[in-house]
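>>> Need a 3D model of the sequence below.
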Amino acid sequence: MHLAGTNRSDTGMEMSGVDGSGRTPRKWLEAAGWVSLVAVMWGVDLLAKFSERNQTGIGKDDFRLISEQVTSAIAVLIMILFVIRWLQLFPLKKNAWVPAIIGHTAGSIIFAFGHQSLMVAMRIPWYQLNGIDYVWREPFVANLFVEYQKDVKIYLAILAITSAYQFYRRSRAPVEASGTDRLVVQTGSGKGVL
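Model prediction:
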């Protein structure tokens, strides 16, 4: 016998964009967290590249530096969705380390290829709009190997943050009651179960 109230998804509240208390849904907050983190990290990296160029006099112009950082950040944000889904397919469990290592090794390669491909796909039209040719065909494979050394670190960082966040959420989740709904009543002849 189920005596609890209705589920939120049954009432259609999730469709409205806010939950019953009027708060922003968790997924929007999570997305904002990822966007903020990537914006800060890539922004700091951009400032470091500006500083290095100004000190050495060697480096790309402002347009290329900013364009490359922005397209890289957007590509990473898109690929975060892949990493989260990939983690569902290959969860980090004590009794499943071998498939997790194999799966996430493959995942890091897919991540690097996706990151590089998305950057190129965004830069080609952006550079053309600004009257600049973006050369990518010849250095694509070479850049892929170079970028993989960076991307594997980014992949592992996303994996670590996502796993830690999921662990935190599980530890904070209330313990659910057992699946059987029953009612115990005291009768004159003993206890009865409904």
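>>> okay, CA-based contacts and neighbour counts for the rest of this
Noted.
>>> Show the residue spans covered by the strands in this protein.
Along the chain, counting by DSSP state E, strands occupy 184-187, 190-193.
>>> Nearest to the middle of this protein, which residue? Look it up for me.
With distances taken as CA atoms, centre = their mean, the residue of the chain nearest its centroid is residue 80 (3.2 Å).
>>> How about residue 147, nearest residue that isn't a chain neighbour?
Closest residue in space to residue 147, ignoring its immediate chain neighbours: residue 112 at 7.0 Å, by CA to CA, 6 or more residues apart in numbering.
>>> again, but for residue 58
Closest residue to residue 58 apart from its sequence neighbours, by CA to CA, 6+ apart: residue 52 at 7.9 Å.
>>> And for the one you found, the neighbour number?
Applying the criterion other CA atoms under 10 Å, we find 13 residues in the vicinity of residue 52.
>>> just to revisit the earlier point, could you measure from the residue nearest to the centre of the chain over to residue 86?
According to CA to CA, to the nearest Å, residue 80 stands 10 Å off from residue 86.
>>> Isn't residue 65 up against residue 46?
Yes: Residue 65 lies in contact with residue 46 (CA atoms under 8 Å); the separation is 7.2 Å.
>>> what ranges of this structure fall below the confidence cut-off?
Residue ranges of the chain with pLDDT under 70: 1-24, 137-140, 175-194.
>>> Helices of that one, start to end?
All helices of the chain, identified by DSSP state H, fall at 8-11, 26-56, 62-89, 97-129, 140-172.
>>> Go through the third one and flag the buried ones.
Across helix 62-89, burial judged by 16 or more other CA atoms under 10 Å covers 66-77, 79-80, 82-84, 86-87.
>>> can you give me the angle that helix makes with helix 26-56?
In terms of direction (axes from the mean of the first three to the mean of the last three CA atoms, to 10 degrees), helix 62-89 departs from helix 26-56 by 140 degrees.
>>> helices or strands up against helix 62-89?
Here helix 62-89 is seen to pack against helix 26-56, helix 97-129, helix 140-172 when contacts are counted using 3 or more CA pairs under 8 Å, 6 or more residues apart in numbering; DSSP states H and E.
>>> Of all the residues in the shortest one, which ones are buried?
Read it as helix 26-56. Along helix 26-56, the positions that meet the burial threshold by neighbour count (16+ other CA under 10 Å) are 34, 38-39, 43, 46, 49-50.
>>> Looking at these, spot the one nearest residue 126.
Residue 126 has its nearest neighbour among the buried residues of helix 26-56 in residue 46, at 18.6 Å by CA to CA.
>>> State the distance from that closest one to residue 154.
In this structure, residue 46 and residue 154 are 16 Å apart, going by CA to CA.
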